[in-house]
Each structure stands twice: as structure tokens, then as C-alpha cells.
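*Asks:* could you work out the structure for the sequence below:
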Amino acid sequence: MLFDLYHILYMVISGLLTAGILILAAFLIKKQKTKDLFLKFWAIITVVIHFSSIYYDYFILKNSNPELELSMFMPAFACNVCMWMLVIVAFARKDNKLIKLASTFLALGGIVCAVVGILLNETYDSDGMTTYDSIKGLLSHSTMLVGCIYLIVGKYVKIRVNSVLGVVFGLCVLLVDGLIINLTVKLFGLPSLNSMYLESIPFEKIPWLNTLTIGIIGVVVAFIIGVIVEFVFLKKEERWYTKIKKHFTREEEISLKGENK
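*Replies:* The predicted model follows:
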């Protein structure tokens, strides 16, 4: 049911609302405290929507034993990890080096996860707009998308070539998460979750697209984006290759001074 009329309408309306909210936030929110509250709101509302199906089942459907989704207690997929990472980033000290790396990853990888979760939502593909789970799945990815993009709009993150480090950090987090979850599942003799596609490829028709190649593509794309951003917005002397050249020139000068002594 992907890309049916309702799905297309949702994507268009959601995209326009996301753009409108972020534009208003960029123009109206100036104080850092307010920016932090705005980021926290989108991080928390994403989690609330994600868990809301439990309360929908209990209070609306009158189900005395509401179903607990696997992703609610087992972050087996990249979107789940990004959701909780956004919460951590929103409430943590922004000057922490790990938080800076996580923020950079969310400003690139988190956006990709949110967009993929809207475009290729598996629950919607199965049920369309007929279930609350489908609707809340789309909504939670939309709210996460606002939070991740706001990391750039709110100037928490500046996209540069060195943003590749944040992407590598985030990919390592996803890898460790996947290894832990797959190992845990095996230890308890449960069916495979194939967390982070570490046990089998995501698409049978594209056998070369696996965890390793996805990671490499992500790093390359992040590098290209960083190069483009620096070329458009930075002066030549502020760009990555100039800084590297200066670094090696400085090292060479220090070395020569040492030899002259």
C-alpha cells in the first residue's frame, strides 16, 4: 500500500508542516534556553507517539492486555536507536564530545532514518491507514525528522567535512547495538531479529547492499555533503583541504626547526 493516495497526501502535508515549523522556529526562536526546550519537545513527543499505541489499545479499543511492540523494549532497528539518541542529545550537555558526535550523526543519519521510515514504512505497507499503528508509525518518524533537522536549524550542528566523524560514531553505535541484540536473542533461543541487517541482507534483489556497503555509502555521502557545504558557505582558507595543508606545513616547519637546532 506504499505510495497510495493517502500515503502521498500524508507525505506532502507532513513535508509542508515540517518545513513550516522549522522556518518559524528559525525566525522566532532566538534564546538558547528556548531552543533547548523546542528540541526537548520534539524528542519527547516522538517517544510519546511511539508508545501511544499501548494507551490507544487500552483506553480506546478497551483491550485489557494491550500489545507491546518489539521496538518498544528492544531497539533492534536504526530508527529506534536514533529516537533514543535524540532524547539523550536533547537533555545532555551540548559541550560533551560524544554528544557532539551523536548530534552530528542525527543531523545526517537521523534525517535519513526518519525519511526512510516515512517513505518505506513497513507497517503502513501492510495495513495502510486502517490501523492506529500505521498512523503513529508515520507520525513518530515525522516528529523525529523535525528534531533531527532542528539540530542544524538551531545551530547545534554545523555540517562540515569533519561531520564524517559523527557519522562513523553513529554507525559504530548502530553496529554495537545490533551485535548486542542479535547475541541476546541467540542466547535466549528466540527467532532472529536480524538487527541492523548483520545476519542477512535487507534486500534480496540487491545482494551487494549489506551492512558494510550501507555504512561505506553513508560515510561517502556525508563527506560529499560536507565538501559541498564548505564550498558554498566557507572561504577557501576555511575549507577542509586548506586546514589539512596548513597542518602539514606547520608540522614540516616544526620538524625543520628541530633539525636546525
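
*Asks:* contacting residues for the residue nearest the centre of the chain?
*Replies:* Centroid-nearest residue in the chain, with Cα atoms, centre = their mean: Gly110, separated by 1.1 Å. Gly110 is in contact with 82, 85-86, 144, 147-148, 151, 170, counting by Cβ atoms under 8 Å, 6 or more residues apart in numbering. For the C-beta atoms, the positions are set from N, CA and C on the backbone; glycine is no exception.

*Asks:* that one and Tyr58, how far apart?
*Replies:* Gly110 sits 30 Å away from Tyr58, going by Cβ to Cβ, to the nearest Å.

*Asks:* go on, Glu122?
*Replies:* Taking Cβ to Cβ, one finds Glu122 at 24 Å from Tyr58.

*Asks:* what helices or strands is the helix or strand that contains Ala43 leaning on?
*Replies:* Here Ala43, judged by DSSP states H and E, is contained in helix 32-55. If you count contacts as 3 or more Cβ pairs under 8 Å, 6 or more residues apart in numbering; DSSP states H and E, helix 32-55 packs onto helix 70-73, helix 78-91, helix 132-153.

*Asks:* what angle do the second one and helix 32-55 make?
*Replies:* Interaxial angle, helix 78-91 versus helix 32-55 (axes from the mean of the first three to the mean of the last three Cα atoms, to 10 degrees): 140 degrees.

*Asks:* to Val176, which of the helices and strands packed on helix 32-55 lies closest?
*Replies:* The minimum distance between Val176 and the helices and strands packed on helix 32-55 falls on helix 78-91, with 9.9 Å, by Cβ to Cβ.

*Asks:* now that closest one, how far from the centre of its chain.
*Replies:* Here helix 78-91 is found 8 Å from its chain centre; the criterion is Cα atoms, centre = their mean, to the nearest Å.

*Asks:* for it, buried residues please.
*Replies:* Within helix 78-91, the residues scored as buried using 16 or more other Cβ atoms under 10 Å are 78-83, 85-87, 89-90.

*Asks:* output it in CSV with nothing but the alpha carbons.
*Replies:* Taking Å, rounded to 0.1, in the frame of the first residue of the first chain, the C-alpha atoms of helix 78-91 are listed here in CSV:
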residue,chain,number,x,y,z
ALA,A,78,18.2,2.1,13.3
CYS,A,79,15.1,4.3,13.8
ASN,A,80,14.7,3.1,17.4
VAL,A,81,18.3,3.9,18.2
CYS,A,82,18.0,7.4,16.6
MET,A,83,14.8,8.1,18.6
TRP,A,84,16.5,7.4,21.9
MET,A,85,19.7,9.1,20.8
LEU,A,86,17.7,12.3,20.1
VAL,A,87,16.3,12.2,23.6
ILE,A,88,19.8,11.8,25.1
VAL,A,89,21.2,14.7,22.9
ALA,A,90,18.2,16.9,23.8
PHE,A,91,18.8,16.6,27.5
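
*Asks:* ok, back up a step: let me have the contacts of Gly110 in a markdown table, extended by distance to Lys136 and pLDDT.
*Replies:* Converted to a markdown table, these look like this (distance: Cβ to Cβ, whole Å; pLDDT from 0 to 100):
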| residue | distance to Lys136 | pLDDT |
| --- | --- | --- |
| Cys82 | 17 | 98 |
| Met85 | 20 | 98 |
| Leu86 | 17 | 98 |
| Met144 | 12 | 98 |
| Gly147 | 16 | 98 |
| Cys148 | 18 | 98 |
| Leu151 | 23 | 98 |
| Gly170 | 25 | 98 |
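
*Asks:* in TSV, list those along with distance to Leu106.
*Replies:* Below are the contacts of Gly110 laid out as TSV (distance: Cβ to Cβ, whole Å):
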residue	distance to Leu106
Cys82	6
Met85	6
Leu86	6
Met144	9
Gly147	8
Cys148	5
Leu151	6
Gly170	7
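
*Asks:* do a quick rundown of the strands in the chain.
*Replies:* Assigned by DSSP state E, the chain shows no strands.

*Asks:* can you count the residues close to the closest residue to His7 other than its chain neighbours?
*Replies:* Nearest residue to His7, sequence neighbours excluded (Cβ to Cβ, 6 or more residues apart in numbering): Tyr124, at 6.4 Å. Tyr124 has 26 neighbours, counted by other Cβ atoms under 10 Å.
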